[in-house]
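J.: build me a structure from this.
(one chain, ligands or ions: 2)
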Amino acid sequence: MNRIIPIASGKGGVGKTVIAANLGTALALSGKTVILIDLDLGGSNLHTCLGIKNRYPGIGNIIYKSETSLESVLLETGTPRLYFIPGDSLLPGTANLNYFTKLKLIKSIHRLTADFIILDLSSGSSFNTIDFFLISSFGLIITIPEATAILNAYSFLKSALFRLIYRSFPPKSEERHTILNMLSERIEGTGLSFRSLTNSLKKISPDSGIVVKRTLADFRPRVILNMSKNSGDIRLGRKLREIVNKNLNITMEFIVIMPNSDAVPRSILKREPLYLSDPGCKFSRSVDSIAENLISYGNPIHQPVYGGYEDLEGLFNTD
Ligand SMILES: Nc1ncnc2c1ncn2[C@@H]1O[C@H](COP(=O)(O)OP(=O)(O)O)[C@@H](O)[C@H]1O
Ligand SMILES: [Mg+2]
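T.: Ligands and ions are numbered 1, 2, ... in the order given. Take a look at the predicted model:
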């Protein structure tokens, strides 16, 4: 059974790519087969962290149809059991994926065979990023101990949750209609409360209320607080957890705190994951704890999510 681990963040430059490369390395060295996929379209740079030259076809070539399958662009990395699918750095301009291409890509990712498939996503809450994030209930959200990054992580979670609830109802259903209406009618700046959304859906039918309740219960984001400089940062993590629990009515599965380490940027310059050169350092040990967390979880939760990845203007500005 493959586990898909999408890695997302509200803010850029928080360490998604570094963590993807190191987590993939740690899982592979522990005996798992891993495929790393660079899905940061428009900003692909995972190859750099892995020390792989930017000259191989990847996702961009599949989008432009010069390659037919993900398997055909799969590369070995030099680390046993660790494979890599490059992004679109050879073919800039693929950032705006259309609906059908996105669906096709999501289906082909599901068809890959590996113990873990790690997706390095673009920063922010665009539709494409959120839909890639929602491929799996094992997504990781990376943030750093700064107020803006924490707020961005919270907004990302909220947007993802709205999208997930929306997609828990069939296309053209009254429930989807209600969700869209609430989003379009919301008064600028007031935000949209989950409670009022849940109540409106419950009014449609008790079953709809149950669907929302189950969706909220199954959605257990895992958050990583990266670049931590002091132990007080754990308070910020707790605060995020509290706010998420109170306002979004969901439980955070775990938070791992990762230290800030000068060895990380040095490892990028050396083009080698830090985990390979120094598996015992503090940073690598925190990578281990993410890997252990992921390995110890049971099988992914399979909630019925209907199609309809269509890009609906405005659905995501839910501040
Ligand atoms: N734990 C860390 N300690 C020190 N620097 C880090 C750490 N994690 C990431 N960085 C640095 O932050 C920068 C951005 O990391 P990157 O993985 O490219 O972010 P993202 O993919 O989220 O945009 C890189 O220069 C990297 O060296
Ligand atoms: Mg990145």
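J.: going forward, measure contacts and count neighbours with C-alpha atoms only.
T.: OK.
J.: do the helix or strand that contains Ile224 and ligand 1 meet?
T.: Counting by DSSP states H and E, the element that carries Ile224 is strand 222-228. Yes: residues of strand 222-228 are located near ligand 1 by C-alpha under 6 Å from any ligand atom, namely 226-227.
J.: how many neighbours does Thr246 have?
T.: Thr isn't right for residue 246; it's Lys. Counted with other C-alpha atoms under 10 Å, residues neighbouring Lys246 total 11.
J.: again with Asn230
T.: Using other C-alpha under 10 Å, Asn230 has 10 other residues around it.
J.: quick one: strands adjacent to the strand holding Ile224?
T.: Sheet pairing of strand 222-228 (DSSP bridges) gives strand 140-143 (parallel), strand 254-259 (parallel).
J.: need the ones you listed in JSON lines with mean neighbour count, can you?
T.: Putting the strands paired with strand 222-228 into JSON lines (neighbours: other C-alpha atoms under 10 Å) gives the following:
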{"stretch": "strand 140-143", "mean neighbour count": "26"}
{"stretch": "strand 254-259", "mean neighbour count": "20"}
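J.: relative to Phe133, which of the ones you listed is closest?
T.: When the strands paired with strand 222-228 are compared by C-alpha to C-alpha, strand 140-143 sits nearest Phe133, at 8.5 Å.
J.: can you tell me which helices and strands the following helix or strand past the closest one packs against?
T.: For strand 140-143, the following helix or strand on the C-terminal side (DSSP H and E) is helix 147-167. Helix 147-167 is packed against helix 127-133, strand 140-143, helix 174-185, helix 206-218, with contacts defined by 3 or more C-alpha pairs under 8 Å, 6 or more residues apart in numbering; DSSP states H and E.
J.: ok, the second one near ligand 1 or not?
T.: In this case it means strand 140-143. No: using C-alpha under 6 Å from any ligand atom, strand 140-143 stays clear of ligand 1, coming no nearer than 7.4 Å.
J.: avg pLDDT for that strand?
T.: Mean pLDDT, computed over strand 140-143, is 96.
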